[in-house]
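Engineer: let me see the structure of the following:
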Amino acid sequence: MAVREILLLGNPDLHQTCTPVERHELDAVPSLIDDLRDTLLDFRRRHRAGRAIAAPQIGVFKRVVYMETDAPVVYINPALVPLGSEQIVLWDDCMSFPDLLVRVRRHRQCRITYRDERWNEVEEVLRDDMSELLQHECDHLDGILAVSRAIDERSFALRSQIPSSRIGIQASSTIT
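Structural biologist: Predicted structure coming up:
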């Protein structure tokens, strides 16, 4: 439907906690999904990056995430539970700060429970890159940005300064 403006780092609205989508609001979700899809695809075209986007990134403070990797998936009211203590370390990126990378730790595995577009409850176990991606997006729904999860004060870099071969996931020790 429309490419929406992405809220950028520094905008206080990115720190708002989103409210759940209620079943009676389901009729409004398709237009939100269209806007999320169009905004993600536009960002991907311009930046050659972007796998998912959360509703608050376009100023809609509802618990909705749109992901498009192999196929589009919509997560309504997602809830994550970490599985085990093993973590991964990675340079995280975000459409709300497209030139900045942040080194973070994320759980290697988690369980996600959510509603789909037909209000069916779905549960999946996520691993590695899908686990870290959905943790990032669910953080947005809670008003948490990757910059708040930085490992330390040296965990920030401009995208142009990190070779792409160093951006992948690395294993980490247990939670510290």
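Engineer: and the residue lying closest to E121 once chain neighbours are set aside, what is it in contact with?
Structural biologist: Nearest residue to E121 in three dimensions, chain neighbours excluded: R115, at 6.0 Å (Cβ to Cβ, 6 or more residues apart in numbering). Just so you know, the C-beta spots here come from the backbone N, C-alpha and C atoms, and that holds for glycine as well. Contacts for R115 (Cβ atoms under 8 Å, 6 or more residues apart in numbering) come out as 21, 76-77, 121-122.
Engineer: pLDDT below threshold where in this structure?
Structural biologist: Within the chain, the stretches with pLDDT under 70 are 1, 163-176.
Engineer: hmm, 50 instead?
Structural biologist: 173-176 (pLDDT under 50).
Engineer: dump the strand or helix carrying W91 to CSV, keeping only the CA atoms.
Structural biologist: Using DSSP states H and E, the element containing W91 is strand 86-94. The C-alpha coordinates for strand 86-94 follow below in CSV (Å, rounded to 0.1, in the frame of the first residue of the first chain):
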residue,chain,number,x,y,z
GLU,A,86,24.2,-21.1,24.6
GLN,A,87,24.6,-17.7,23.0
ILE,A,88,25.9,-16.3,19.7
VAL,A,89,27.8,-13.1,19.1
LEU,A,90,27.2,-11.1,16.0
TRP,A,91,27.4,-7.6,14.5
ASP,A,92,23.7,-6.6,14.5
ASP,A,93,22.2,-4.2,12.1
CYS,A,94,19.0,-2.3,12.0
